[in-house]
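Quick one: sequence plus predicted model below, questions after.
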Amino acid sequence: MNLKRLAVIAVILSFVSGCKSTPDIRDIPLSLTAKNKTLEYKKLPGVASNVVTLGTVKNALREHVSAHTGYTQCDIECGKWQTADIKSIWGKKVSLTDSEVKITYFRGDKFRTGSTYLSKVHTAFPYQIEETTESFKVNLLPAMTATAEDASDALFIPISSPVSDKTLQELLDNVLNKPGKNIDRHVYSSGSFNVEFDPASVQTSFERKLKQKPNENKSNKRVYKNSFTFNSGDMVAYVDLDIFLYRGKSKVEYRLSHPVSVSPDGTSQYDEKLMGILLEHLKSVANS
């Protein structure tokens with residue numbers, strides 16, 4: 001950027017602060033041949049009852065749309081400073097209302113003064129969520145409309161659109177053709193149990209048979225505090241332990257967790273019995 005351009009911009013920002021050219025609004029024609037997309041997330045019982053909720057389903061829906069509509073590295077904003085005061089920015093924003101997944105693409109200039117000059121493209125996917133006793137069902141409809149705001153920068157030079165009409169259609173089709181997003185969370189269980197051995201012996205047993213997480217031993221003279229990982233089949237479980245003297249023996253307080261994944265096809269990898277199996281393994285190690 002040459003000095004003449006910078007000087008002109010400085011004059012404009014000094015005398016026309018906050019004044020911007022009005023964008024040209026145009027409708028973008030969309031193909032309306034795509035079919036609705038259905039996602040179903042099965043509710044989980046027991047300690048996993050908070051994995052599939054209206055909130056996590058909506059978040060999975062937003063992530064699905066965001067993952068397949070481009071600018072995946074700029075889900076909020078990407079940018080590069082062109083000068084000390086002018087930053088070129090681009091990206092997209094995906095947000096949910098009660099009835100639509102809204103998408104806004106943008107490209108343009110941002111100034112340290114706070115002024116922005118942006119070309120934008122707006123579109124949205126209508127959706128409905130039905131909750132039953134067994135699951136949440138999402139009906140995602142094709143985007144029906146899209147509009148472009150073709151803007152100019154501070155020198156009234158046109159700013160290119162953040163996404164072409166053709167590419168926009170391809171991205172919108174991706175959302176309805178690609179598999180939905182899993183809901184991936186951890187489930188937790190906490191409690192305590194007694195052990196017949198002294199705390200130092202119990203601590204040694206855990207160190208010998210479980211994998212201690214680096215820098216997670218925060219023991220003192222009264223309490224052994226640890227974090228460990230261990231396997232149950234192909235799944236990795238996590239546990240935080242406090243081991244301390246109790247009536248001449250030991251008490252172990254634990255907080256167990258393991259990952260769970262719920263698919264948008266109505267299935268999950270959750271085993272309600274697994275937490276009990278993990279706890280029995282901990283007790284076996286503590287008493288070994």
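Perfect, I can see it now.

Spell out which residues sit in contact with residue 29, please.
For residue 29, the contact set (C-beta atoms under 8 Å, 6 or more residues apart in numbering) comprises residue 165. In this view, the C-beta of every residue, glycine as well, is placed from N, C-alpha and C.

Okay, now stretch 30-37: how far is its last residue from its first?
17 Å (C-alpha to C-alpha, to the nearest Å).

I'd like the average pLDDT over that stretch.
Throughout stretch 30-37, pLDDT has a mean value of 88.

And for stretch 170-189?
95.

Could you do stretch 84-102 as well?
According to the model, stretch 84-102 has a mean pLDDT of 94.

ok, and for it, which residues are buried?
Across stretch 84-102, burial judged by 16 or more other C-beta atoms under 10 Å covers 86-87, 89-94, 96, 101.

what pairs with residue 193 across the strands?
residue 252 (DSSP bridges).

Run through the residues that contact it.
So residue 193 contacts 251-252, 254, 282-283, 286 (C-beta under 8 Å, 6+ apart).

And those residues, which is closest to residue 131?
residue 254 (33.5 Å; C-beta to C-beta).

how close does the closest one get to residue 175?
42 Å (C-beta to C-beta, to the nearest Å).

so what's the most centrally placed residue in the chain closest to, chain neighbours aside?
In the chain, the centroid-proximal residue (C-alpha atoms, centre = their mean) is residue 63; its distance is 6.3 Å. Once flanking residues are discounted, residue 63 sits nearest to residue 181: 4.8 Å by C-beta to C-beta, 6 or more residues apart in numbering.

Mind telling me what element the one you found is part of?
Using DSSP states H and E, residue 181 is not contained in any helix or strand.

what does residue 66 give?
Using DSSP H and E, residue 66 falls in helix 54-67.

how about that helix: buried residues?
Within helix 54-67, the residues that count as buried by 16+ other C-beta under 10 Å are 56-58, 60-67.

Please apply the same query to stretch 271-283.
Applying 16+ other C-beta under 10 Å to stretch 271-283 flags 274-275, 278-279, 281-282 as buried.

quick check: mean pLDDT across it?
93.

Which residues does it contact?
44-48, 187, 189, 191, 193, 230, 232, 235, 237, 239, 252, 254, 256, 258.

chain center to that stretch, what's the gap?
On the basis of C-alpha atoms, centre = their mean, to the nearest Å, stretch 271-283 sits 29 Å off its chain's mean C-alpha point.

still on that earlier bit, may I see the buried residues of helix 54-67 arranged in JSON lines, with distance to residue 208 and pLDDT as well?
Output for those, formatted as JSON lines (distance: C-beta to C-beta, whole Å; pLDDT from 0 to 100):
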{"residue": "56", "distance to residue 208": "38", "pLDDT": "97"}
{"residue": "57", "distance to residue 208": "43", "pLDDT": "98"}
{"residue": "58", "distance to residue 208": "45", "pLDDT": "98"}
{"residue": "60", "distance to residue 208": "40", "pLDDT": "97"}
{"residue": "61", "distance to residue 208": "46", "pLDDT": "98"}
{"residue": "62", "distance to residue 208": "45", "pLDDT": "97"}
{"residue": "63", "distance to residue 208": "41", "pLDDT": "96"}
{"residue": "64", "distance to residue 208": "44", "pLDDT": "97"}
{"residue": "65", "distance to residue 208": "48", "pLDDT": "97"}
{"residue": "66", "distance to residue 208": "45", "pLDDT": "95"}
{"residue": "67", "distance to residue 208": "43", "pLDDT": "95"}
